[in-house]
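Participant: Next come a sequence and a model predicted from it.
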Protein chains: 2
Amino acid sequence: MINFDYYSPTRFIFGKDTETRVGALAKKAGARKVFLVYGGHSAEKSGLLTRVRSSLHEASIAISEFGGILPNPKSGPVYKGIEQCKKEKIDFILAVGGGSVIDTAKSIAAGALDDGDFWDFHERTRMPEKALPIGIVLTIPAAGSEGSGNSVITQEETLLKRAATGECLRPRFSILNPELTYTLPQYQTACGVADMMSHIFERYFTNEKGVDLTDRMCEAVLKSIIDAALVVKDTPNNYEARATLMWAGTVAHVNLLGLGRIEDWGAHALEHELSALYDVAHGAGLAIVYPAWMHYQLNHDPARFAQLATRVFGSLTNKLNIQDTALEGIQALSDFWIQLGLPSKLRELPSFRKEDISVMTKKIKMTRPNELGNFSPLRYEDVEKVYNEMI
Amino acid sequence: MINFDYYSPTRFIFGKDTETRVGALAKKAGARKVFLVYGGHSAEKSGLLTRVRSSLHEASIAISEFGGILPNPKSGPVYKGIEQCKKEKIDFILAVGGGSVIDTAKSIAAGALDDGDFWDFHERTRMPEKALPIGIVLTIPAAGSEGSGNSVITQEETLLKRAATGECLRPRFSILNPELTYTLPQYQTACGVADMMSHIFERYFTNEKGVDLTDRMCEAVLKSIIDAALVVKDTPNNYEARATLMWAGTVAHVNLLGLGRIEDWGAHALEHELSALYDVAHGAGLAIVYPAWMHYQLNHDPARFAQLATRVFGSLTNKLNIQDTALEGIQALSDFWIQLGLPSKLRELPSFRKEDISVMTKKIKMTRPNELGNFSPLRYEDVEKVYNEMI
C-alpha cells in the first residue's frame, strides 16, 4: 500500500425529494447570484428545473441561465460561460445534469476567477488554484464528477480531450435523488453502469501489494452494481436499485477505492479514441475496450483476474489452471454487458472499418507521450494488438 | 435505503513518515500557536513527540503542551484544557494519540470558543456550532475518532459517558502512519480490532431494505480486518497488515458504511456499563457483549446473520436450517476474538459477580430513557437476559 492523501470535502445529499433543498444549500454556501448550467430538454420537461428555480427563488437567490450543454462537452461553451459569469458578477455555479454538464460547470467555475486561458488547466501548464463555488443536482449516475475534483473537456479545434484537476473543482454539495433517474433510457443506464464499473477496474488492476482492503471494497461495489443493473433493466422505477446505482457511481470515482494503489487508465485512453471516431457513448465504448484489454493483460497477473472472477462473478477457482478461472471472469463480464444491451465488438459500430485501427493507434502515438497505463504498460505495438482484439 | 447526508471534510494523510508533514499542514490550516494534547510516555519514548515538535518548530508554530490524558477520558482535563487555551490564546488543537486523546482535544476545541459549560454539548442541551480547528496524529487505530465529528467524554462526578456531535468537531486533517502502531501490544491491538469491527456491526444490523451496497462494503472491511489481525498477531511489524487495520478503523467509523441505514448502538451501550464497572477496555468488553447480543437478536432476522456467516466467515448456507448457518457465523466471530486473546465471557473478568447484572441493568434503566437500539430494540427485561447470556 503506497502513501496517500484522501480529501473529499463535498457534502452529499442523497435521497427522495432532495433537490428541493438546493436553494438553502446554495445560500449556506454564500450564493447570491447563481449561474444555472444544464443540458437539453429532459430536465425542463420533467419539471426538475422548475423545482430547482423555485427553491433558489425561495432562498432569494438570483439566477442566470446557461442551458443546452451537449454530451462530450466542448471548450466553446466553457469560454462563453466564463465571459457571462464575469460580466454578470456570478458568485456560485449550479450544475443540473450528468457528467458533461458538471464538467462544463467546473471549468467555467475555474475560468471565471482567472485572467488567462482556462485551457491551460486542461493542458496542465497551470493548475486551477481557485474557482467559484460549485453545487450539483445529479441526473445521470455514471461519470462520478459529482464527487471528484476533475473536469474533462474536449478542445473544439484539436478535438483533444483533457482533464483538469484541482481541489477547488470539488463541488461544495452534490444532490443525488435516485428518482430523477427513473426516466433514463435503458441504453443510457447501461452506459453509465459500464462507466462506473470501469472506474473501479481502473483502480482494481494494480501491481501494488497489501491492498486487500481496497480490493474487497472494489469487489463489493462491483457486485452491487451488477445486481442493481439487472433489477433496473426489468423495473426502471425500482427505487432501491436506482439508489444503489446512483451511490455506487459516486463511490466508484470519489477515489476511496483507489487509495494506496497505483491506478491504470490505459483502457480509458483507448476508449477516448473510439468515442472521438464513432461518436459512441463512453460507457458503450468501454464495454468494447475492457474485455479486450483484460484478455491482453491476463498473463501479467492471472491470479488477480481469477480473484475478480471468483469474488465478483462467482466462478470457482480451477487450481490446476488459474487462467481458466480468469478467462471465465472476463467472459462473465462481457456477457453481463451484452445482457444490458451494450456492444462488445468494434464490428457492431455501424461506421467501423478495419483501417480505423491504425488511425486510432497513430492518434494515441501522437497525443500521448508515454506508454499507456501502469499495470502492464502498453507500448504502441500493444495498443494496435488490443484494438485488433476488439474487432 | 433511507435519505442521508454525508459530509466528511477531513484530509487524511496516510503512510510512512507522514507525521513529518504536521507542521506544514497545521500552518496551512492557519495555526500560529498550537495546543499539543497527548497521553502517556509512549509517544515521548518512541520519539514521535520529538518529531512532531520539530515539524511544528520548522513551520514557526508555537507550542503549548498538555500531556497525560488517560484512557476513558474524563471531563476534568477538558475543563483544564479549555481554561489554558483561552488564557494562552491558542488557535489550533493538535491531538497526538488514540481515541481518548482525540476526544479530549475535540471537547477542548469546542469549549475554547464557548462561554458556557462544554458539558452541555455532551448532555445535548446545546450543539457545538464552532470549535478551534483540530489536527490529529493517530497512534491507536480503534475508536475512529480521527474521521468522525464525535467526542465521547465521561463526566467525573456522575461517571456518565456521553457523546457530543458537531461538524465543527471534524478534524481538519488526520495523519495516519501505520508504523507508529508497530509497538502496540497484542492485547491492545486486539481490543482495537474488536472496537472497529463493532463499529461495523452497529451499522450492519438494520431493518432497512435495499442496502446491499453498504452491506457488501461492511463485509469487505470486516473480512480485511480479520485477515490483517491474524497477520499482525504473528508479525506485529508487518506494514501492510498494520496499514489495513489503521485505514479499516477509519473507514469503519467515518459513516460511509452506515449511509442509508438505521443503525443499532444497543450493544455499544451494554458495553459502556461493563467498562464502567470492571475497568475493562472497551474493545474487550465488546468481545463479550456482541456474541451474546447476536444470539439474542438472531430470531429477529436469521437471514441477515446467515449472510454475515457466509459472506464474512465462509460458512456454507444450510438451506434447510438457516439458523444453523447464522449460529455458525456468531461462533466463528467469537472464536476469532478468542484467538486474538480477548475475553468472551463475563466470568473471565476477575472482579465479576453474578449480582452485577442487576446493577448494570438498573443503571441502564436509570440513564437511558428509551429502549436500546433499533434492530430489535431491547427493553429492560431483555437487557437483563442479554447480560445473563454473557456469564
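Facilitator: Perfect, I can see it now. Numbers count the residues shown, from 1 in each chain, chains lettered A, B, ... in the order given.
Participant: Next, count neighbours for A:Tyr380.
Facilitator: Neighbourhood size, A:Tyr380 [other Cβ atoms under 10 Å in any protein chain shown]: 14. Backbone N, C-alpha and C define where each C-beta goes, glycine included.
Participant: Not counting residues beside it along the chain, what's closest to it?
Facilitator: In this structure, A:Tyr380 finds its nearest non-sequential neighbour in A:Lys365, 5.0 Å apart by Cβ to Cβ, 6 or more residues apart in numbering or on different chains.
Participant: any idea which helix or strand comes after the strand or helix carrying that neighbour?
Facilitator: Assigning secondary structure by DSSP states H and E places A:Lys365 in helix A:356-367. Following helix A:356-367 in sequence order, the next helix or strand is helix A:380-389 (DSSP H and E).
Participant: Can you give the contact residues for that next one?
Facilitator: Residues outside helix A:380-389 that contact it (Cβ atoms under 8 Å, 6 or more residues apart in numbering or on different chains): A:270, A:289, A:292-293, A:295-296, A:346, A:357-358, A:360-361, A:364-365, A:372, A:378.
Participant: Most neighbours among the residues you listed, please name it.
Facilitator: That'd be A:Trp293 among the contacts of helix A:380-389, by other Cβ under 10 Å, with 29 neighbours.
Participant: Run a quick check on A:Ile226 versus A:Gly314, I expect a contact.
Facilitator: No. A:Ile226 lies out of contact with A:Gly314 (Cβ atoms under 8 Å); the separation is 10.2 Å.
Participant: about what we covered before: helices and strands around the helix holding A:Lys365, which ones?
Facilitator: helix A:266-278, helix A:380-389 (3 or more Cβ pairs under 8 Å, 6 or more residues apart in numbering or on different chains; DSSP states H and E).
Participant: Neighbours of A:Glu49, how many?
Facilitator: For residue A:49 the amino acid is Leu, not Glu. Burial measure for A:Leu49: 20 neighbouring residues, criterion other Cβ under 10 Å.
Participant: Next to chain B, which bits of the stretch 1-150 of chain A? Give me the list.
Facilitator: Proximity of the stretch 1-150 of chain A to chain B (Cβ under 8 Å from any Cβ of the partner chain) is limited to residues A:1-16, A:18.
Participant: and with 10 Å instead?
Facilitator: For the stretch 1-150 of chain A, the residues in contact with chain B (Cβ under 10 Å from any Cβ of the partner chain) are A:1-18, A:21, A:147.
Participant: What subset of the residues you listed is buried?
Facilitator: When these are checked for burial by 16 or more other Cβ atoms under 10 Å in any protein chain shown, the buried set is A:1-2, A:4, A:6, A:8, A:10-15, A:18, A:21, A:147.
Participant: my read: A:Glu179 touches A:Glu240, true?
Facilitator: No. Counting by Cβ atoms under 10 Å, A:Glu179 sits too far from A:Glu240 to count as a contact (11.7 Å).
Participant: can you map out the strands along chain A?
Facilitator: In chain A, the strands defined using DSSP state E lie at A:4-14, A:33-38, A:62-66, A:92-97, A:134-138, A:150-154, A:161-165, A:173-176.
Participant: is it possible to export those to CSV including mean pLDDT?
Facilitator: Shown next, in CSV, are those (pLDDT from 0 to 100):
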stretch, mean pLDDT
strand A:4-14, 98
strand A:33-38, 98
strand A:62-66, 98
strand A:92-97, 98
strand A:134-138, 98
strand A:150-154, 95
strand A:161-165, 92
strand A:173-176, 98
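Participant: Next, format those strands as JSON lines and append distance to B:Gly210.
Facilitator: Converted to JSON lines, these look like this (distance: least, Cβ to Cβ, whole Å):
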{"stretch": "strand A:4-14", "distance to B:Gly210": "13"}
{"stretch": "strand A:33-38", "distance to B:Gly210": "29"}
{"stretch": "strand A:62-66", "distance to B:Gly210": "35"}
{"stretch": "strand A:92-97", "distance to B:Gly210": "25"}
{"stretch": "strand A:134-138", "distance to B:Gly210": "19"}
{"stretch": "strand A:150-154", "distance to B:Gly210": "30"}
{"stretch": "strand A:161-165", "distance to B:Gly210": "33"}
{"stretch": "strand A:173-176", "distance to B:Gly210": "15"}
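Participant: closest one to B:His57 among the ones you listed?
Facilitator: The closest of the strands of chain A to B:His57 is strand A:4-14. By Cβ to Cβ, the value is 23.2 Å.
Participant: ok so, going back, can you tell me how far the residue nearest to A:Tyr380 is from A:Val359?
Facilitator: With the distance defined as Cβ to Cβ, to the nearest Å, A:Lys365 ends up 11 Å from A:Val359.
Participant: Quick check: residues of the stretch 201-350 of chain A near chain B?
Facilitator: So the stretch 201-350 of chain A meets chain B at A:208-225, A:227-228, A:231, A:238-248, A:250-251, A:254, A:256, A:259-260, A:311 (Cβ under 10 Å from any Cβ).
Participant: All the helices of the stretch 1-150 of chain A, in order from the start?
Facilitator: In the stretch 1-150 of chain A, the helices defined using DSSP state H, counting those that start in this stretch lie at A:22-28, A:42-45, A:48-58, A:75-88, A:99-112, A:119-123.
Participant: now for the second one, which elements pack on it?
Facilitator: In this structure, helix A:42-45 makes packing contacts with helix A:48-58, strand A:92-97, judged by 3 or more Cβ pairs under 10 Å, 6 or more residues apart in numbering or on different chains; DSSP states H and E.
Participant: Fine by me, we can end here.
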